[in-house]
Structures are given as C-alpha cells and as structure tokens.
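*Asks:* here's my sequence, what's the structure:
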Amino acid sequence: MTIGVRWFYSGSMSETPPSDADLLRTLEGRIEELTALCRHLREDNAKWRARHQALSSEHARLSERARQARARIEEVIGRVAVLTGERRS
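*Replies:* As a prediction, this is how the structure comes out:
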C-alpha cells in the first residue's frame, strides 16, 4: 500500500490492498456524495437567505408601524396634557 492512498484503505495490513480501480471507484463515490452535499447546502443556503430577507422586511415594516404608533401616542398624550392644563417635560 502506498502512502498517498492509505486513507482510502481501512482494512488490516494482512489483507490484499485494493486495486487502483477499486480506489478510483471509492474516490468517485465520495466525490458524488460531496457534490450532492454541496448541492443540498446551496439549496438550503438559498432558502435561508430568502427567509432572512423576508424576516428583515417584516422587521422593517413592524419597526415603522411601532414608530408610527409611538408618534400617535405622544400626540394623544400631548393633547391630554393641553386639555388638562399640565405641562410636559
């Protein structure tokens, strides 16, 4: 067994080492698995990015609504203060 292919081979030293064709098939299988995993991760990443964008948009919309609500409340408090003759600080 050569040093470069040792990580492919998990058998004991007494067994016959795998042929180059066996090693190539093993490598091809692992490359296919990694390719499928990369594709899956890209798809997941795209979904999470879209979800993040949607949540960011919703957050911006809700923040604006909260700002508007605060402004309306401040306005009402100001009116009440005027009607009751109180000064606001």
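*Asks:* gap between whichever helix or strand K47 is part of and the chain center?
*Replies:* In this structure, K47 sits in helix 20-84 according to DSSP states H and E. From the chain centre to the centre of helix 20-84 is a distance of 8 Å (Cα atoms, centre = their mean, to the nearest Å).
*Asks:* switch to numbering from 37
*Replies:* OK, 37 is where the count begins now, so the last one is helix 56-120.
*Asks:* if you average pLDDT over that helix, what comes out?
*Replies:* Regarding helix 56-120, the rounded mean pLDDT is 97.
*Asks:* helices or strands up against that helix?
*Replies:* Where contact means 3 or more Cβ pairs under 8 Å, 6 or more residues apart in numbering; DSSP states H and E, helix 56-120 is not packed against any helix or strand. C-beta: built from backbone N, CA, C; applies to glycine.
*Asks:* point to the residue nearest the middle of the protein.
*Replies:* Compute the mean C-alpha point of the chain, and by Cα atoms, centre = their mean the closest residue is W84, 4.8 Å away.
*Asks:* that one and L91: what is the separation?
*Replies:* Separation of W84 from L91 (Cβ to Cβ, to the nearest Å) stands at 10 Å.
*Asks:* again, but for S99
*Replies:* Separation of S99 from L91 (Cβ to Cβ): 12 Å.
*Asks:* now R75
*Replies:* 25 Å.
*Asks:* equivalent analysis for A72, please.
*Replies:* Where L91 is concerned, A72 sits at a distance of 29 Å (Cβ to Cβ).
*Asks:* how far does stretch 109-125 sit from the chain's center?
*Replies:* Counting by Cα atoms, centre = their mean, stretch 109-125 comes out at 47 Å from the chain centroid.
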